[in-house]
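[1] with the sequence up front, the predicted model follows.
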Amino acid sequence: MEQKKTSWRAFETEAVLESRYDQLLHWGILLTRGDAGEAREIVHDLCLYLILTKTDFNRISNQDGYLYTSLRHVYLSRMTRASREALRFVSIGDFDNVHFALSGRDRSGSVLIQNDLRTICGYSVWRKEASKGFSYFILHFFHGYFPREIAEIACLPVSAIYNKLKSARTELKEHLSAPDKVRPIKQGSLPLPRQSPIVVPTPELFQELRETILQARRGACLPEEDLLAYYEIDAPVPIPCELLSHIVSCQRCLALIDRHFRRPTLKDRDALDGFDRVLNMQHLAQGGTDRKSVKVMFETMRREKERIYHHRPQSLFIAVNTRVVAFHDVQGIQSALSIRLEYSEQPNCVEVFSEQQIRLAMIAIDSLPPDGPERLTQQTLLSDTRRLELNLSFDGLGLQCEVVYSDPEASTGIQDAMEELRPSTLQALVGTDQPSWIKKLISTLVPSPAMAWGLALAFVACAGAYFMSYIHQPRLDASAVLNQAVAMEAAKMAGATRHQTMNLIETTSDGLVLRGIVETWQEGQTGRHIRRLYDLHHHVIASEWKDKNGRSGVSIAPSNTEIDAPARQLAMNDLWKQDLSSADFRALGGKSIRVSVVNGEYKLSATMEDDNKPRLLSAVLVLDSHLNAVGEELYLHKDSPIRELQLLQTGQDYQPSSNVPDSVFSNEEEGMGGSPVDKGDASMRDRSKPNTNTQLVQLEIGALYELNQMGADIGDPIDVVRAPDGRIRIYGTVADNARRSQLLARLETLPNQQLLTIQLNSQSSLRSAAPSAPKSTVPTTSVYSVTRTEAPSEVVLKQYFESKGWTGDREKSAVSQFSQEAREHAQRALQRAYALNRLGTSFTARELSAANPAYQRQWARMASAHAFALEIELSALNDQLSRIIPDDHESLPAHGGEYANIDDPATLARATERLLHKTQELSRIIGGAFASGVVKSADRNGEPLLTHARNSIPLREAAAIVSFTQRLSHLDAHEVRPSDSKGPLRHRDEQ
């Protein structure tokens with residue numbers, strides 16, 4: 001979009017949209033061909049997205065063109081929403097709140113959905129007495145509180161709330177799938193939830209659920225001053241489970257807390273806000289638009305925007321021209337998803353959705369280069385410093401789409417523990433501000449002064465006896481704890497090298513939060529070390545090193561690298577060089593050290609000498625139960641540009657120094673030559689390739705081959721990528737710990753282990769909230785057939801099986817089995833196409849030619865196996881459809897044309913991309929033909945749709961790739977030659 005050079009006055013996004021609402025509605029009616037209700041829906045969706053992303057209309061010269069184009073894309077995307085939902089079904093308990101759960105088409109009118117909501121409500125009310133996570137879930141899902149507000153109620157960091165919510169949802173899904181198996185320990189029997197055979201109006205259902213929650217209140221309310229005392233102290237302590245359970249079921253207590261924090265009370269919160277919007281739209285569709293109604297709608301939009309602002313996606317989907325081309329589960333602090341598309345058609349719009357069909361980014365493409373820009377970027381800022389970036393780049397081959405989602409709170413639980421490890425002030429609170437009920441009790445028990453004196457003397461005697469026994473008890477000595485931790489640390493470092501990774505969080509004097517990642521390698525015997533500072537994109541910002549001879553230096557990334565200003569600011573001070581260790585903490589020289597024990601962990605607090613550390617006021621070190629340093633906080637003087645530093649350990653291991661290659665320290669142990677910064681710039685450029693590219697290529701092929709031999713390259717969601725720091729990163733989630741151990745054992749046989757970063761999680765380890773639940777290879781998901789409409793294929797299938805004389809249950813069973821097999825063939829074909837495309841596009845022809853012949857053979861065998869399996873699935877699907885659809889010459893496999901000319905990896909890469917695109921389209925068509933309720937009535941003519949499906953099977957492309965890969969897999973090693981030799985792998989793009 002053309003950018004204005006001159007600055008207009010600042011228009012707020014909402015004001016611009018409100019002033020243009022009538023024009024947007026007019027365009028919407030034109031796009032929907034007179035459907036006023038649908039027009040208002042797409043206008044609402046567009047306005048909601050623009051408000052979320054805070055679109056700056058000052059920078060858009062042609063606002064009418066921008067708004068109309070965006071509205072048209074939203075309309076087209078809305079038409080294909082059902083096909084996106086068919087890609088991944090979301091359990092009702094996985095939605096953020098009741099509003100999202102009931103917002104899908106026909107969800108609010110389903111008996112199954114409404115009864116599941118009753119089950120979820122009843123189970124949560126029952127479990128909240130013993131689990132804080134279900135109190136958080138009720139506040140979030142049913143009451144409409146945001147996670148940060150829940151954190152304020154619970155007196156905990158928001159990251160702890162997210163972890164507990166996740167555990168509660170996991171347990172809920174297990175309960176919905178097997179209600180008789182999930183039984184928490186030490187809790188009574190679960191009451192049977194009320195079920196209804198009929199659909200009730202949504203407001204009536206919501207009122208029923210809220211009454212169920214409020215009627216579950218137990219115990220008497222605390223007096224106002226006693227309740228608010230939890231929130232008025234300087235260092236709040238976590239709210240006990242019993243009190244929290246009472247609060248979530250008590251309007252009075254919630255109102256007191258809400259008024260204390262100056263925010264809406266439960267009465268003012270409408271978790272169903274948005275259903276009124278639907279009624280308003282129906283009213284407006286009948287009676288026209290008035291300004292008052294428009295203002296009400298925009299007020300509703302603002303509240304909906306807040307829900308999306310706090311939404312935490314579990315999966316991300318990239319859609320090009322409304323068609324999903326890639327999706328990926330969100331994992332860790334940062335998740336990246338990228339895909340390359342050829343210009344088979346003009347890309348007009350790229351969108352990013354979450355699994356709940358929430359639009360998080362959208363870029364309209366006006367023109368391709370050279371008429372348009374070569375790069376386009378959209379950034380969406382979300383709650384808790386999260387952000388999502390959509391980057392598009394264009395070259396001569398196609399469109400590269402990349403989505404990067406950053407969630408700094410998605411780290412380990414160490415930060416939660418650190419924020420909870422604060423001095424307990426509960427005793428001080430009780431001692432200095434006696435609750436009124438204690439005063440009443442004392443006045444009742446002591447009616448006369450004589451009795452009061454007697455009780456006082458008895459109290460003094462008891463207190464003296466307790467004091468005498470207390471002073472003879474052994475007290476925990478902070479210095480002794482620290483010295484023991486230092487000694488244990490030194491013992492581990494003897495003859496070993498420590499590898500440590502940490503999250504770095506700095507808070508500046510103006511409130512800006514800077515985040516990075518620190519990696520250190522430290523050799524115990526020689527003292528040499530290297531410390532690298534990364535941004536959240538895993539780009540190296542700086543490094544600090546010391547070699548065996550005592551020489552040291554600091555390297556800073558050159559200014560022309562793609563590192564943002566906040567990340568670069570991390571390297572501008574020396575705090576990132578701070579070691580997370582007991583010895584380093586002792587070296588700070590605190591004048592007084594105190595120790596406290598919470599949940600088996602030790603918290604050491606030190607106050608600094610004024611003349612020793614002029615910038616440092618105090619420091620806190622957290623040790624685990626084995627006296628390992630797991631976290632550290634430094635508090636600096638108010639005049640310092642950095643006020644607070646946090647180091648949170650995310651990984652640590654000790655290796656024999658003889659097993660650690662010198663290449664780990666190689667770049668920085670060389671002499672600096674010139675100035676440290678100049679030499680550092682050169683070393684930073686070298687850091688991206690710590691070893692030769694051929695080593696990385698061979699390691700990547702080897703990793704893929706080992707996963708392939710274990711059936712994990714398509715059976716498990718595991719990615720193998722080359723990280724920006726010059727390593728191979730393997731990450732994903734597997735079924736259980738046994739599967740994880742098998743894969744780790746296989747991957748540990750690979751050479752160059754120092755270049756591997758393996759992050760494999762098991763689903764069983766994520767189910768700690770429901771230990772008695774049975775393990776399964778995939779999370780249990782509830783799938784609903786909502787107001788079921790017949791699949792387009794059912795009429796054709798019924799006619800086919802009736803012609804064979806099958807009727808009744810036999811016919812129904814045959815139709816169901818036929819449909820299921822067709823969908824499974826398409827799904828397995830898509831999995832193979834993804835795996836084949838990864839092999840075809842991850843390696844250039846030059847890289848494959850330079851690789852060792854053994855790795856060339858591994859690559860060829862994998863490509864041949866995936867291609868052959870893909871052809872089998874496509875042929876089986878073609879044979880299956882041929883039983884109900886007459887033969888069509890277009891659907892028959894044939895060799896020839898462009899697909900018969902695959903004779904090198906470069907051509908294979910383009911062919912696999914094309915095949916993946918066509919297999920994705922085939923999967924979409926099969927899903928629409930054999931799934932009920934996902935195709936509009938105008939498109940539900942079964943036979944033409946099935947004919948189109950059969951004609952879309954890319955058998956020719958698959959056969960050509962199979963022919964090439966099978967020839968390649970049977971070659972001898974010496975036959976795989978570089979581009980300047982004559983042989984089977986002659987690379988056209990390099991000649």
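    Received it, and whenever you're ready, just let me know what you need.
[2] list the neighbouring strands of the helix or strand where V622 lies plus their orientation.
    According to DSSP states H and E, V622 maps onto strand 616-623. Strands that pair with strand 616-623, judged by DSSP bridges, come out as strand 601-608 (antiparallel), strand 629-636 (antiparallel).
[3] name the residues that touch stretch 704-712?
    By Cβ atoms under 8 Å, 6 or more residues apart in numbering, the list of residues contacting stretch 704-712 from outside reads 713, 716, 718, 720, 730, 734, 742-743, 746-747, 749-750, 838-839, 858-859, 861-862, 865. Any C-beta I mention is one placed from the backbone N, CA and C, and that applies to glycine too.
[4] for the residue positioned nearest the centre of the chain, what are its contacts?
    In the chain, the centroid-proximal residue (Cα atoms, centre = their mean) is V330; its distance is 3.1 Å. Neighbouring residues of V330 by Cβ under 8 Å, 6+ apart: 313-316, 405, 407.
[5] against R722, how distant is it?
    21 Å (Cβ to Cβ, to the nearest Å).
[6] go on, D535?
    In this structure, D535 and R722 are 18 Å apart, going by Cβ to Cβ.
[7] can you give me the helices for the stretch 501-650 of the chain?
    565-570, 582-587 (DSSP state H, counting those that start in this stretch).
[8] out of the ones you listed, the one nearest H948 is which?
    helix 565-570 (49.7 Å; Cβ to Cβ).
[9] show me what counts as buried in the closest one.
    Within helix 565-570, the residues that qualify as buried are 566-570, counting by 16 or more other Cβ atoms under 10 Å.
[10] show me how the chain divides into domains.
    1-79+272-309, 98-270, 313-410, 479-672, 689-769, 788-990 (automatic domain parsing).
[11] mean pLDDT added to the ones you listed, as TSV?
    Formatted as TSV, these follow (pLDDT from 0 to 100):
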stretch	mean pLDDT
domain 1-79+272-309	76
domain 98-270	83
domain 313-410	85
domain 479-672	80
domain 689-769	77
domain 788-990	76
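[12] hmm, back to that, and the contacts of the strand holding V622?
    414, 417-418, 421, 481-482, 485, 582, 585, 588, 590, 601-608, 629-637.
[13] which strands and helices sit next to the helix or strand encompassing Q378?
    Using DSSP H and E, Q378 falls within strand 375-381. Judged by 3 or more Cβ pairs under 8 Å, 6 or more residues apart in numbering; DSSP states H and E, the packing partners of strand 375-381 are helix 36-53, strand 359-364, strand 387-394.
[14] strands paired with that strand, and their directions?
    Strand 375-381 is paired, per DSSP bridges, with strand 387-394 (antiparallel).
[15] related to what we said a few turns ago, which of the buried residues of helix 565-570 sits closest to E41?
    Looking across these and measuring by Cβ to Cβ, the closest to E41 is P566, at 38.3 Å.
[16] and the spatially closest residue to the closest one that is not a sequence neighbour, what does it touch?
    For P566, ignoring the flanking residues on the chain, the nearest one in space by Cβ to Cβ, 6 or more residues apart in numbering is L514 at 5.3 Å. By Cβ under 8 Å, 6+ apart, the residues touching L514 are 504-508, 566-567, 569-570.
[17] wait, F134 touches G122, no?
    No - in this structure F134 lies outside contact range of G122 using Cβ atoms under 8 Å: 11.2 Å.
[18] ranges for the strands of the stretch 251-400 of the chain?
    Ranges of strands within the stretch 251-400 of the chain are 315-320, 323-329, 334-342, 349-354, 359-364, 375-381, 387-394, 398-406, based on DSSP state E, counting those that start in this stretch.
[19] give me the distance from the fourth one to the chain's centre.
    The chain centroid and the centroid of strand 349-354 are separated by 16 Å, computed with Cα atoms, centre = their mean, to the nearest Å.
[20] before we move on, back to that, so F134 and G122 - more neighbours on which side?
    F134 (28 against 19; other Cβ atoms under 10 Å).
[21] tell me what angle the strand holding Q378 forms with strand 359-364.
    160 degrees (axes from the mean of the first three to the mean of the last three Cα atoms, to 10 degrees).
[22] how about strand 375-381, which residues are buried there?
    So, applying 16+ other Cβ under 10 Å, buried residues of strand 375-381: 376, 378, 380.
[23] if I pick the second one, what's in contact with it?
    The neighbours of Q378, taking Cβ under 8 Å, 6+ apart as the test, are 53, 361-363, 389-390.
[24] pick out the most distant pair among the residues you listed.
    Farthest apart among the contacts of Q378 by Cβ to Cβ are M362 and E389. That separation is 13.0 Å.
[25] higher neighbour count, those two?
    Neighbour count, other Cβ under 10 Å: between M362 and E389, M362 has more, with 22 against 17.
[26] ok, what's across the strand from that one?
    Beta-bridge pairing of M362, defined through DSSP bridges, involves E351.
[27] ok, it to C349 distance?
    Distance of M362 to C349, computed by Cβ to Cβ: 7 Å.
[28] give me the common contacts of the two.
    Residues touching both M362 and C349 (Cβ under 8 Å, 6+ apart) are H73.
[29] I'd assumed R729 was in contact with L696.
    No - L696 is not in contact with R729 according to Cβ under 8 Å; the separation is 11.1 Å.
[30] can you show me the strands along the stretch 501-650 of the chain?
    Taking DSSP E, counting those that start in this stretch as the test, the strands found in the stretch 501-650 of the chain are 513-523, 529-534, 540-546, 552-556, 590-598, 601-608, 616-623, 629-636, 642-656.
[31] how about the strands in the stretch 51-200 of the chain?
    Along the stretch 51-200 of the chain, counting by DSSP E, counting those that start in this stretch, no stretch forms strands.
[32] for the closest residue to A326 other than its chain neighbours, name its beta-bridge partners.
    Using Cβ to Cβ, 6+ apart and skipping the chain neighbours, the partner closest in space to A326 is I339 (4.3 Å). Beta bridges link I339 to C401 when assigned by DSSP bridges.
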